[in-house]
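Q: Compute the structure for the input listed below.
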Amino acid sequence: QVQLTESGGGAVQAGGSLRLSCVSSGKDLSLHAMGWFRQIPGKEREFVAGAAWHGGGGIYYGDSVKGRFTFSRDTSKNIIFLQMNDLKSDDAAVYFCGATDTIADLREARVDYWGQGTQVTVSS
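A: Below is the predicted model of the structure:
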C-alpha cells in the first residue's frame, strides 16, 4: 500500500505563485509514474503534470499549464513538487497527487493511489 499526502495549497491572487508538495510513503513495486491532477466540482479530474518516478523519459504537462507550472521530484525523499506560477482564476481547484503503473495511465488519470487533495484558490 502507498499513502500520498499533499501540502502547500492555499489562497493567492491572480498572477501569484504556490508550490505544492506530495510525500509518498509505503511501497508498491508496480508504481512507476507520479503526477498532479486537479478537479473542480462537477468536472472530471484533469491531468496537470507528471513523469516517470525514477527518471527517464520526459515530464508531461497539461496544455493549460505549460510554461507556467513546473513538475519536479526528489526520489531520495519520495516527494514530488508542483511549482505554480502566474496563477489564473481557472487554476482554482482541488489538486491531487496520484501514482500509477505507467505514464500512459497517469496522463489518462487511471491512477492506483490518490492523495487526499489540497485546495488552491485564486482571486482576481
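Q: switch to C-alpha atoms for all contacts and neighbour counts from now on
A: Fine.
Q: any idea how far the residue of the chain positioned farthest from its centre is from Tyr60?
A: Centroid-distance maximum for the chain: Ser124 at 23.0 Å, with C-alpha atoms, centre = their mean. Counting by C-alpha to C-alpha, to the nearest Å, the separation of Ser124 from Tyr60 is 28 Å.
Q: need the contact list for the residue nearest in space to the middle of the chain.
A: With distances taken as C-alpha atoms, centre = their mean, the chain has Trp36 as the residue nearest its mean C-alpha position (1.5 Å). Trp36 makes contact with 47-50, 82, 95-98 under the criterion C-alpha atoms under 8 Å, 6 or more residues apart in numbering.
Q: That one: what's its closest spatial neighbour, skipping adjacent residues?
A: If the residues on either side of it in the chain are set aside, Trp36 comes closest to Cys97, at 4.5 Å by C-alpha to C-alpha, 6 or more residues apart in numbering.
Q: and the one you found, backbone torsions?
A: phi -100, psi 150 (degrees, to the nearest 10).
Q: just checking, it touches Glu6?
A: Yes: Cys97 is within contact range of Glu6, at 6.8 Å (criterion: C-alpha atoms under 8 Å).
Q: Which one of the two is surrounded by more residues?
A: Taking neighbours as other C-alpha atoms under 10 Å, Cys97 and Glu6 compare with Cys97 leading, 31 against 24.
Q: So for stretch 8-20, what gets flagged as buried?
A: 8-9, 12, 14, 17-20 (16 or more other C-alpha atoms under 10 Å).
Q: And for stretch 31-46?
A: For stretch 31-46, a neighbour-count test (16+ other C-alpha under 10 Å) marks 31-39, 45-46 as buried.
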